[in-house]
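> below are the sequence and a predicted model; questions follow.
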Amino acid sequence: MYAFIINPHARTGLGLKVWQKLELLLKKEKVEYQAYLTRYPYHAAEYSRKLTKGPKPVKLIVLGGDGTINEAVNGIEDFSKVTLGYIPIGSSNDFARSMKLSKEPETMLKQILSPTEYTYINIGRIKYKDHIRRFAVSSGIGFDADVCFHNTPSGIKRQLNRMKLGKLSYTGVALFLLMSLKPRPMTLILDGKRKHFKKVFFATAMNQRYEGGGFKFCPKADPGDNLLDMIVIADMPKLKALLLLPTAYKGWHVRFKGVHTFTCRKAHVISDALLPVHTDGEAAARSSEVLFSLEPERLKLIRS
C-alpha cells in the first residue's frame, strides 16, 4: 500500500493537475494506494504523523516542492518504518536536484512503483528558542532566511511560476534585499571549536548541495555522510557579495575570500541580534541563537 501526500497548490496549482494524471495511471495499473491532499500549512506534517504512528512499514510518497518534503519529514514518527518516495513539482526542487531525481512525474512514479535503487539520507535538525524542526535540504540564519521570508508570499513568485521561471524569484528577492542588508557579528561553535566573524551575511547548514532554486552553496555536501556542511558568507563588501551570487549556481563562489565552508556534526550559531531563520526555504522564526545537528537515524529514499 502506497500513501501519497499531495500538495495540490504546488507551483501555482500544477500539483493538482499532475496528481490527476498520475492517479489515472495508478488506477490503470490497479495499484493499491491512499491519497491525502493538503489544504493548509503543515497539513502534510499532520498526515505524515498519522501515517507513521502505527507498527507497520509505510511507503510514503510526497508530491510537491521542498516545503512539502519539509513538512512530511517533520511529521515522521519512526524513520526505520518509512520508505520515502518523492515526485518533485515545486519551483525550486533543490532536494530533487541534489538527489538527481527525475523531473518527469510519470517517470518518477514508475521508479517508485518498481524501484531499482535506494539510498539512506541524513535529515537535519534545528533548535531555536523552544522549537525543534527538521530539514531535508538546508536551514539558515540571516540573509538567506530573510529572502525566504520575503519570497514566500511574493506575487512575483506566483507570476514566475506560471511562466515556469519560479526559481528566479529567489534571485530577484535576494538582489533587492542585499542593498538594505546590515551584516551582523556571529560566533559559530563547530563541534566545540569556536569561530568569530565580524560582518556575516548568513550562516547556513546544508544537508544537500543546493538551496534557493539551484545555488550550489556547498558543492561537496553529501546527504549520507553523517555530517553537516556549513557555509558562512562574511566580511566582504556588498558589491562583492552581489557579484558572487551568480557564481554560486556553479559552485565557483567557494574560491573567493569571505566564503567559508566547514563540515561538522553540530553547529551552534550565536548572533548579536534577532535574525530570520528558515528550514528548507520556509520562513520559520526570528532568533539570535540556533543549534544545527542531524537526526540519529537516516531515512530510506527511493532513488530510482
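Good, I have the coordinates.

> quick check: residue 273 vs residue 188, distance?
Note on residue 273: its distance to residue 188, by Cβ to Cβ, to the nearest Å, is 16 Å. Just so you know, the C-beta spots here come from the backbone N, C-alpha and C atoms, and that holds for glycine as well.

> low-scoring stretches of this protein, by residue?
Along the chain, the model assigns pLDDT under 70 to residues 150-177, 179.

> quick one, domains of it?
Annotated domains of the chain cover 2-116, 125-295 [automatic domain parsing].

> just name whatever secondary elements the host helix or strand of residue 132 is in contact with.
In this structure, residue 132 is located in strand 131-135 according to DSSP states H and E. Identification of packing neighbours for strand 131-135 by 3 or more Cβ pairs under 8 Å, 6 or more residues apart in numbering; DSSP states H and E yields helix 66-75, strand 124-128, strand 267-279, strand 282-294.

> could you redo the last one with a cut-off of 6 Å?
Here strand 131-135 touches strand 124-128, going by 3 or more Cβ pairs under 6 Å, 6 or more residues apart in numbering; DSSP states H and E.

> got the angle for the strand it packs on vs strand 131-135?
Going by axes from the mean of the first three to the mean of the last three Cα atoms, to 10 degrees, strand 124-128 is angled at 160 degrees with respect to strand 131-135.

> tell me the buried residues in strand 124-128?
Buried residues in strand 124-128, defined by neighbour count with 16 or more other Cβ atoms under 10 Å: 124-126, 128.

> among those residues, which pair sits farthest apart?
Greatest spatial distance in the buried residues of strand 124-128: 124 and 128, 13.0 Å, computed using Cβ to Cβ.

> residues shared between the contacts of these two?
Residues touching both residue 124 and residue 128 by Cβ atoms under 6 Å, 6 or more residues apart in numbering: none at all.

> buried residues, stretch 254-262. List them.
For stretch 254-262, the neighbour count (16+ other Cβ under 10 Å) marks 254, 258-262 as buried.

> quick one, strands of the stretch 51-200 of the chain?
58-64, 82-88, 118-121, 124-128, 131-135, 138-142, 184-190, 193-206 (DSSP state E, counting those that start in this stretch).
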